[in-house]
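J.: Prediction below, plus the sequence it came from.
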Amino acid sequence: MARIHFIGMGKMGLPMASHLQRAGHAVSVSDLSPERLALAAERGLKTMDAARALREAGMVWSSLPGDAALLEVAALVAANAGAGTLYVDTSTVSPAASAEAAGLCDAAGLSCLRCTVSGNNHMAEAAQLTVMASGPRAAYEAALPMLGLLGPHRFYLGEGEQARLMKLVVNLMIAQTSAMLSEGLTLGRKGGLDWQDMWQVLCASAVGSPILKAKAVQLGVRDFTPTFTVEQMLKDLSLIMGAGQALHAPLPQTAMTQQLMQAAVAQGDALDDYAAIIKAVERSAGLPTDRLN
């Protein structure tokens, strides 16, 4: 069994670290937030100073909020982990920052596996994430038994930043699904269709995708409690638009969705689920946002 240090006890990192520990691995954790460390301790995870833990670990994992955090942690890992240590990062970040972090690891004799995941915190708790990995093939093979603890689907995509880009592709389509729902449901409400009737029909129709069905229970009663907030989706949309610019790929619909997310923030829904852009479109159509019909 591996000796693992896990950096980042957010809504995704905490369940992932818990799965690793339940499988018998020796897991220690660190986080800048005392509250998140307290939650980790409640689950029986050992909290440690990161620099010390990195010197003792044979494998390092992280789940981080963005580019700046990844580069800071990669520098910390490179400075403290022993040569040959495998570093597995699961964050949603830009391909450019990911490549820079991998370079820091390479220079220190470490192996860096980019290992993005698709799914929300509930799916993370249930070990139902989809894993997308890229980096050295040997690193992927070494980590594969542990990646299997996160969910049933795992994909190796290449030697470089493919996993980071694939995650952005997935999140682009998730964001666009919410934009599609916002227009369709608003049109239906303006024409007098019942909110819950629309959800039942949509889920049984040709557009009844897994994500639409997953949202139906919550949004069917207009519950916008977040699994992923508007603010978090805006961060990912910024990464997506940056990738489009770098690759000269036009993303006009995504740009419009980004503006709808900005409208939701301006209207006070920043901390609601990203599907709150439905409310932004409803308001523009003169509809009330607190009713089921």
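T.: Arrived safely.

J.: domains of this protein?
T.: As assigned by automatic domain parsing, the chain contains the domains 3-160, 165-284.

J.: what's residue 26 in contact with, if anything?
T.: Contact analysis of residue 26 by Cβ atoms under 8 Å, 6 or more residues apart in numbering lists 1, 2, 3, 4. C-betas here are computed from N, CA, C, even on glycine.

J.: before we move on, the earlier item: relative to residue 290, which of the domains of the chain is closest?
T.: domain 165-284 (7.6 Å; Cβ to Cβ).

J.: about what we covered before: check pLDDT for the contacts of residue 26 and point me to the minimum.
T.: Across the set of the contacts of residue 26, residue 1 stands lowest in pLDDT, at 79.

J.: can you give me how far the helix or strand encompassing residue 16 is from the chain middle?
T.: Residue 16 belongs to helix 13-22 when elements are defined using DSSP states H and E. Distance of helix 13-22 from the chain centroid (Cα atoms, centre = their mean, to the nearest Å) equals 16 Å.

J.: hmm, who's touching it?
T.: Helix 13-22 is contacted by residues 4, 6-7, 9, 27, 29, 31, 36, 39-40, 43-45, 61-63, 90, 117, 121, 124-125, 127, 146, 149-150 when judged by Cβ under 8 Å, 6+ apart.

J.: Give me the subset of the residues you listed lying in strands.
T.: Counted as lying in strands by DSSP state E, out of the contacts of helix 13-22, are 4, 6, 7, 27, 29, 61, 62, 117.

J.: Count the residues that sit near the fourth one.
T.: The reference is to residue 27. 27 (other Cβ atoms under 10 Å).

J.: what residue ranges in the stretch 101-250 of the chain are flagged as low confidence?
T.: Low-confidence segments of the stretch 101-250 of the chain (pLDDT under 70): none present.

J.: how about the strands of it, start to end?
T.: For the stretch 101-250 of the chain, the strands defined by DSSP state E, counting those that start in this stretch occupy 111-118, 130-134, 153-156.

J.: okay, those in TSV with mean neighbour count next?
T.: Converted to TSV, the strands of the stretch 101-250 of the chain look like this (neighbours: other Cβ atoms under 10 Å):
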stretch	mean neighbour count
strand 111-118	26
strand 130-134	24
strand 153-156	16
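
J.: Out of the ones you listed, which is closest to residue 179?
T.: Closest to residue 179 of those, according to Cβ to Cβ: strand 111-118, at 18.5 Å.

J.: from the middle of its chain, how far away would stretch 20-35 be?
T.: Counting by Cα atoms, centre = their mean, stretch 20-35 is centred 19 Å from the centre of its parent chain.

J.: same check, this time on stretch 184-194
T.: Counting by Cα atoms, centre = their mean, stretch 184-194 is centred 31 Å from the centre of its parent chain.

J.: Any buried residues in that stretch, and which?
T.: Neighbour-count burial for stretch 184-194, counted by 16 or more other Cβ atoms under 10 Å, picks out 185, 186, 188, 189.

J.: Filter the contacts of helix 13-22 down to the buried ones.
T.: Buried positions within those, assessed by neighbour count (16+ other Cβ under 10 Å), are 4, 6-7, 9, 27, 29, 31, 36, 39-40, 45, 61-63, 90, 117, 121, 124-125, 127, 146, 149-150.

J.: Could you report the neighbour count for the nearest residue to residue 236 once chain neighbours are set aside?
T.: Nearest non-adjacent residue to residue 236, counting by Cβ to Cβ, 6 or more residues apart in numbering: residue 171, 4.7 Å away. Neighbourhood size, residue 171 [other Cβ under 10 Å]: 23.

J.: returning to what we had before: can you put the strands of the stretch 101-250 of the chain in CSV and add distance to residue 259?
T.: As requested, the strands of the stretch 101-250 of the chain are exported to CSV (distance: least, Cβ to Cβ, whole Å):
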stretch, distance to residue 259
strand 111-118, 24
strand 130-134, 28
strand 153-156, 32
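
J.: out of the ones you listed, nearest to residue 99?
T.: Using Cβ to Cβ, these put strand 111-118 closest to residue 99, at 9.2 Å.

J.: name the helices or strands packed onto that closest one?
T.: In terms of contacts (3 or more Cβ pairs under 8 Å, 6 or more residues apart in numbering; DSSP states H and E), strand 111-118 is packed against strand 86-89, helix 95-107, strand 130-134, helix 137-147, helix 162-190.
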